[in-house]
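J.: fold the stuff below for me.
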Amino acid sequence: MNIFYRPKNAWVGDCIPYWEDGCYYIFYLHDPRNVAGKYAENTTWHLLTSPDLIKFEERGEAIERGAGNQPNKNIYTGSICRGKDGEYYAFYTAVNEALSVNGKIRQSIMYAKGETLFHLATDESFILYADDEIYESFDWRDPFVFWNDNDQQYWMLLAARLKGAGGHRGGCIGLCTSKDLKIWNYQKPLYAPNMYITMECPEVFFQNGWWYMVFSTFSDRFVTHYRMARNLLGPWTIPVDDVFDCRANYALKTASDGKKRFSFGWIASKTGETDQGDWEWGGTMAIHEIKQNADGLFHTAPPPALVSYYHHKREISAWILFNAERIQTNKGVDFCTDTLGAALCKIPEDNFAIDVELTVEGGTEYGIALHTEPDMERGYFLRMDPASGLVAWDIWPRKEQGFYQWQIAGDKPYQMETCRRFIPQRTNHIQIIREREITVVYINGKTALSSPLYNFKGGYGGPYVIQGLVHIGDCTISTP
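T.: A predicted model of the protein is given here:
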């Protein structure tokens, strides 16, 4: 069983989660990557079901895509809703590169429907294009359809573009409305911040007095954002830390069982399955729990089922010190250093969880070394900077050294795409979950940081600090 799901001989693209009667229906874009050098070709929706978000049952292709001359040759992101007629509607993006307008590929909206979520058939009589007045005929995708009780009609949000807007700031969340899911009226955008090329995979939901808007961007940052408002029409507030994860986990969409809310995204693969490879479209599914604070802000935590999955605690071998002095205490392990120092122990090859509590005194930087050796010459480093409040993964060495000694990517201080904010504390609770190359970190049960880590496995792991003292409190290494 794989807790981070990826289909055999294919990759997971955008997820479309839906919850009903104790079951999660997780539709996702199934990318076979069978066209050399291209991504998201011959793509359609596949379905997983899960009662607990830890065990997944493959249900196969959910919607049949069209032929080579039809608009839905490729089926991309959308949403699920249940109509007043009791049937399920899967609104989706239809794309065929052979169909273009003014030299640009035309995107359209279609839907498949059925009496159950297991049998959905496209209604070829329905197709919705952009109006070419409010919205451009391209960048018209990712429909999110829901019943707006206050407005007494269905709303459809779209990743859209204002007509005549610039190429880099004109992205908006478009809006169409309908009484019957068949005839749609074009409205002004729900949100047009003049900030992004486009705003993909939009959704809104209401929770405990707040409306939330979720969308993903690839322009200033490759990341999923959220906004919050007291009213669905805004104004929308931008939180200081407005993301759920870093660049590696993209296109997050959420679903709730009425008690808990979870995000569903994909951790991107890298070309050549190496740490130095380019980021690719699609990868492996990852799920976070999204928790609401008293002030309405969100934080990201591990799903309970994920934590309980790693339940066999392994005995920790003796701690090996690197460039540090051990301080004897009545409980736990303390070490200090004037420069870079670490305490390391043996860790499994992969498929394990580390749960550790670190209390840091001083320290210009601290974190966790992973899959390194006692001399710390190679491996991964979760770098936590308390002064800036930033955390990121680092790879050491960052690249294979060139002819000159200095050709080691020293001007890239860490894997910058994984960098994000965290709230440093004197005592930090760090959870690392690793399966195959997929690695997810949770800091203080509030901040998630995901990344594929390919090159190093096994070896040693443990906390490190630069110019400071670390007390290692509770520390466990667990396997399934």
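
J.: so the spatially most central residue of the chain bridges to which residues?
T.: Geometric centre of the chain, nearest residue: Asn249, 2.9 Å, by CA atoms, centre = their mean. With beta bridges defined as DSSP bridges, Asn249 has these partners: Ile267.

J.: for it, give me its contacts.
T.: If a contact means CB atoms under 8 Å, 6 or more residues apart in numbering, then Asn249 has Thr224, Gly265, Trp266, Ile267, Ala268, Ala286, Ala448, Ser450 as its contacts. In short, each C-beta sits where N, CA and C put it, glycine included.

J.: out of these, which comes closest to Val356?
T.: Nearest to Val356 out of those is Ala448 (CB to CB; 16.5 Å).

J.: mind pulling up the pLDDT for the closest one?
T.: At Ala448, the model reports a pLDDT of 98.

J.: not counting sequence-adjacent ones, nearest residue to it?
T.: Closest residue to Ala448 apart from its sequence neighbours, by CB to CB, 6 or more residues apart in numbering: Thr300 at 4.0 Å.

J.: distance from the helix or strand containing the one you found to the middle of the chain?
T.: Following DSSP states H and E, one finds Thr300 within strand 298-301. Centroid displacement of strand 298-301 relative to its chain, using CA atoms, centre = their mean, to the nearest Å, is 12 Å.

J.: strands paired with that strand, and their directions?
T.: Applying DSSP bridges, one finds strand 298-301 paired with strand 279-292 (antiparallel).

J.: doesn't Val307 fall inside a helix?
T.: Yes: under DSSP: H, G, I helix; E, B strand; the rest coil, Val307 falls within a helix.

J.: tell me how many other residues surround it.
T.: By the criterion of other CB atoms under 10 Å, Val307 has 19 neighbours.

J.: list the contacts for it?
T.: Val307 neighbours (CB under 8 Å, 6+ apart): Ala353, Gln431.

J.: if you drop the residues flanking it in sequence, what lies closest to Ser402?
T.: For the record, residue 402 is Gly, not Ser. Spatial nearest neighbour of Gly402, excluding adjacent residues (CB to CB, 6+ apart): Ile408 at 7.7 Å.

J.: can you tell me which residues contact the one you found?
T.: Ile408 makes contacts with Pro397, Arg398, Lys399, Gln401, Gly402, as judged by CB under 8 Å, 6+ apart.

J.: circling back to that earlier point, make a PyMOL selection of the buried ones in the contacts of Asn249.
T.: To isolate the buried ones among the contacts of Asn249 in PyMOL, judged by 16 or more other CB atoms under 10 Å, type:
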select buried, resi 224+265+266+267+268+286+448+450
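
J.: could I get the contacts of Asn249 in TSV, plus columns for distance to Ile466?
T.: Converted to TSV, the contacts of Asn249 look like this (distance: CB to CB, whole Å):
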residue	distance to Ile466
Thr224	31
Gly265	32
Trp266	34
Ile267	29
Ala268	30
Ala286	30
Ala448	24
Ser450	25
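
J.: right, and Lys399 touches Thr274 too?
T.: No: using CB atoms under 8 Å, Lys399 makes no contact with Thr274, being 10.5 Å away.

J.: in the contacts of Asn249, find the pair that's most separated.
T.: Most distant of these, by CB to CB, are Ala268 and Ala448, 14.9 Å apart.

J.: top of the contacts of Ile408 by number of neighbours, please.
T.: Greatest neighbour count in the contacts of Ile408, by other CB under 10 Å, goes to Arg398: 17 neighbours.

J.: mind listing the helices for this protein?
T.: For the chain, the helices defined by DSSP state H cover 304-309.

J.: neighbours of Asp139, how many?
T.: Counted with other CB under 10 Å, the neighbours of Asp139 add up to 25.

J.: show me the beta-bridge partners of the residue nearest to it when sequence neighbours are not counted.
T.: Spatial nearest neighbour of Asp139, chain neighbours left out: Arg161 (3.9 Å); criterion: CB to CB, 6+ apart. Under DSSP bridges, the beta-bridge partners of Arg161 are Gly171.

J.: hang on, Arg161 packs against Gly170?
T.: Yes: with contacts counted by CB under 8 Å, Arg161 reaches Gly170, the gap being 5.0 Å.

J.: any residues in contact with both of those two?
T.: In contact with both Arg161 and Gly170: Glu136, using CB under 8 Å, 6+ apart.

J.: so those two - more neighbours on which side?
T.: Arg161 (26 against 20).

J.: now do the same contact list for the more buried one.
T.: Neighbouring residues of Arg161 by CB under 8 Å, 6+ apart: Tyr135, Glu136, Phe138, Asp139, Trp140, Gly170, Gly171, Cys172, Thr198.

J.: and for His471?
T.: The neighbours of His471, taking CB under 8 Å, 6+ apart as the test, are Thr329, Gly332, Val333, Asp334, Leu358, Thr359, Val360, Glu361.

J.: just the pLDDT for Tyr414.
T.: On pLDDT, Tyr414 comes in at 85.

J.: still on that earlier bit, need the CA coordinates for the strand holding Thr300. PDB is fine.
T.: Output of strand 298-301 as PDB, limited to C-alpha atoms (Å, rounded to 0.1, in the frame of the first residue of the first chain):
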ATOM      1  CA  PHE A 298      -5.600  28.400   8.200                       C
ATOM      2  CA  HIS A 299      -2.800  26.100   9.100                       C
ATOM      3  CA  THR A 300      -1.700  22.800   7.700                       C
ATOM      4  CA  ALA A 301      -1.400  19.600   9.700                       C
END
